[in-house]
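Undergrad: structure for this input, please:
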Amino acid sequence: MAANPRVRSNAIAALNSKYHRVGLFAFLVIVLGHWAEHIVQAVQIYALDWPRPQAGGVLGLWFPWLVKSELMHYGYALVMLVGFVLLRHGFHGRARTWWMLALWVQVWHHFEHLLLFLQALTGQNLLGQPAPTSILQLVLPRVELHLFYNAIVFIPMVVAMVLHRRPRFDDLVQCSCAPHRTPAAVG
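TA: Here you go, the predicted model:
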């Protein structure tokens, strides 16, 4: 598929039309799974009083090495960014504005994870910190920072999805997500 631009273009067009609803649902499941991990980690720290190094969410209970891997975190940030980019063509009007806001916040979040991954890869940490450190992590602890990042990506994403599923009659919706409305049906 990657070798043939026409096939890739047709696949993206299908994802943003007849498969948009399925694509958005799959993306939402991935995002909610990630949210659940961060929420479990916060519960482990604040409600169960676990030391931060042992609070790794659900995955961290079985695969602590995986949760400590910057590659896994970077990979997830990249999957999120790709999901936002691929699914954006199905959004129009107000929904697209909110989707693009979430996408641009995710661009920054991805950059921060790229920075962390490169530090882990090279062994050269930002400003001589003892561990890989993102820019905003210089002022906020990592757990709280990632709860914040997930919130400021998730909120506009959900707003975009709600507006997309319930468009105004003048919003262009050409996908499987919302009932097709005509001005006569609205009036």
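Undergrad: CA only for contacts and neighbour counts going forward, please
TA: Noted.
Undergrad: after the lengthiest helix in the chain, which helix or strand is next?
TA: Of all segments of type helix in the chain, defined using DSSP state H, the longest is helix 93-122. Per DSSP states H and E, the first helix or strand lying C-terminal to helix 93-122 is helix 142-165.
Undergrad: what is the orientation angle of that following helix with helix 93-122?
TA: Angle, helix 142-165 to helix 93-122, by axes from the mean of the first three to the mean of the last three CA atoms, to 10 degrees: 150 degrees.
Undergrad: so for helix 142-165, mean pLDDT?
TA: For helix 142-165, mean pLDDT rounds to 93.
Undergrad: tell me the helices and strands packed up against it.
TA: With contacts defined as 3 or more CA pairs under 8 Å, 6 or more residues apart in numbering; DSSP states H and E, the packing partners of helix 142-165 are helix 20-46, helix 93-122.
Undergrad: need the ones you listed in TSV (columns: distance to Met72 and mean neighbour count).
TA: Shown next, in TSV, are the helices and strands packed on helix 142-165 (distance: least, CA to CA, whole Å; neighbours: other CA atoms under 10 Å):
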stretch	distance to Met72	mean neighbour count
helix 20-46	12	17
helix 93-122	9	19
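Undergrad: redo those helices as JSON lines? Include mean pLDDT and distance to Leu78.
TA: Formatted as JSON lines, the helices and strands packed on helix 142-165 follow (pLDDT from 0 to 100; distance: least, CA to CA, whole Å):
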{"stretch": "helix 20-46", "mean pLDDT": "93", "distance to Leu78": "12"}
{"stretch": "helix 93-122", "mean pLDDT": "96", "distance to Leu78": "6"}
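Undergrad: tabulate the ones you listed (TSV), appending distance to Leu71.
TA: Listed next are the helices and strands packed on helix 142-165 as TSV, based on distance: least, CA to CA, whole Å:
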stretch	distance to Leu71
helix 20-46	15
helix 93-122	6
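Undergrad: closest to Ala151 out of these?
TA: Ala151 lies closest to helix 20-46 among the helices and strands packed on helix 142-165, at 8.7 Å (CA to CA).
Undergrad: give the next helix or strand downstream of the closest one.
TA: helix 57-62.
Undergrad: residues in contact with the helix or strand following that next one?
TA: Remark: after helix 57-62, the chain's next helix or strand is helix 64-67, criterion DSSP H and E. Helix 64-67 has contacts (CA atoms under 8 Å, 6 or more residues apart in numbering) with 56, 59-60, 72-73.
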